[in-house]
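>>> Mind looking at a prediction? Sequence and model below.
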Amino acid sequence: MKKVIINKEIFKIIPELNVGVLVLKNVNECKKMTEEELKEIEKILNDANTIAKKYVPNEVISENEVVKIWRDIYSRFPTKKGTRCSLENLLKRVLHNNPVGSILPSVDITNAISLKYAFPIGAEDYDKIDNALCLDIMNGDEKFIPIGSTENESPLKSEIAYRDDNGVVCRCLNWRDGIRTEITDETNTEIIIMECVEPNRLEELQSALNELEELMTKYLDAKVVSNVILNNNDNEIDIKI
């Protein structure tokens, strides 16, 4: 049994934070899709790119409300220069008429939900998490090797990041994932994290979690283990596979 935990100190910095946690088992990342299924997923992603345009009505990316909100969150703790919420990178493509394209079915599905609801989403391999996945305040000496690199890039002191007992899992809240816990073709059980910092959008957060669960179940044969929202009142969950 493992846990997902949010350090209570985080809520002194981001009191409005709610974290959706979706845990799925029996995920078939290598499932051979039918032509019809691939077309359905392609349409889901294309539709999400279109819907996401409503979040970026202003030509200057930083003037759009959802981007402003996340930039404010990132200003509350130390970050590497130029670091942005993962959602902003997706919305920037929509803004510049460069729609987020197809990669792999599971990635397409998570990108589609992120775009449709304007929430950042990250996915980790449950079996590679050492003991507990914890959103915590970093000492600055934790080990972190980002996807696409072989070099250690430790977080800044007091940076907010996800970690386990073996180091950092995702830096700067939801900026960049590490290679150690990334999803691969061999992944069977996934922890999917979705953050919301807008208190008036909690119902949308739950809807996004539910739709993501539905799509992962339909297209990748996944079985739900947990679908919960963590916050200051309920900051941890036991995961029983």
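Looks like it arrived, so ask away. Residues are numbered from 1 along each chain as shown.
>>> which helices and strands does the longest helix along the chain pack with?
In the chain, assigned by DSSP state H, the helix with the most residues is helix 202-220. Applying 3 or more C-beta pairs under 8 Å, 6 or more residues apart in numbering; DSSP states H and E, we find helix 202-220 packed against strand 18-25, helix 35-51, helix 105-117, strand 190-196, strand 223-230. From N, CA and C alone the C-beta is placed, and that goes for glycine too.
>>> And the contacts of the helix or strand following the third one?
Taking DSSP states H and E as the definition, the helix or strand that follows helix 105-117 towards the C-terminus is strand 121-125. In this structure, residues lying in contact with strand 121-125 by C-beta atoms under 8 Å, 6 or more residues apart in numbering are 86, 106, 110-111, 113-114, 133, 162, 169-170, 174, 177, 181-184, 187, 189-194, 212.
>>> Within its sheet, name the partner strands of strand 121-125 and how each one runs.
Strands that pair with strand 121-125, judged by DSSP bridges, come out as strand 190-196 (antiparallel).
>>> Please enumerate residues in contact with the strand it pairs with?
Counting by C-beta under 8 Å, 6+ apart, residues outside strand 190-196 touching it are 4, 17-24, 27, 110, 113-114, 119-126, 129, 133, 162, 170, 173-174, 183, 202, 204-205, 208-209, 212, 222, 239.
>>> Go again with 6 Å.
18-20, 22-24, 27, 119-124, 126, 133, 174, 205 (C-beta atoms under 6 Å, 6 or more residues apart in numbering).
>>> picking up where we left off before, and the longest helix of the chain, what's buried?
For helix 202-220, a neighbour-count test (16 or more other C-beta atoms under 10 Å) marks 205-206, 208-209, 211-213, 215-216, 219-220 as buried.
>>> Next: stretch 151-167.
154-156, 159-164, 167.
>>> Would you mind giving the helices and strands packed on helix 202-220 as JSON lines with distance to residue 94, mean neighbour count and mean pLDDT added?
Shown next, in JSON lines, are these (distance: least, C-beta to C-beta, whole Å; neighbours: other C-beta atoms under 10 Å; pLDDT from 0 to 100):
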{"stretch": "strand 18-25", "distance to residue 94": "22", "mean neighbour count": "22", "mean pLDDT": "98"}
{"stretch": "helix 35-51", "distance to residue 94": "6", "mean neighbour count": "15", "mean pLDDT": "97"}
{"stretch": "helix 105-117", "distance to residue 94": "7", "mean neighbour count": "23", "mean pLDDT": "97"}
{"stretch": "strand 190-196", "distance to residue 94": "18", "mean neighbour count": "24", "mean pLDDT": "98"}
{"stretch": "strand 223-230", "distance to residue 94": "26", "mean neighbour count": "16", "mean pLDDT": "98"}
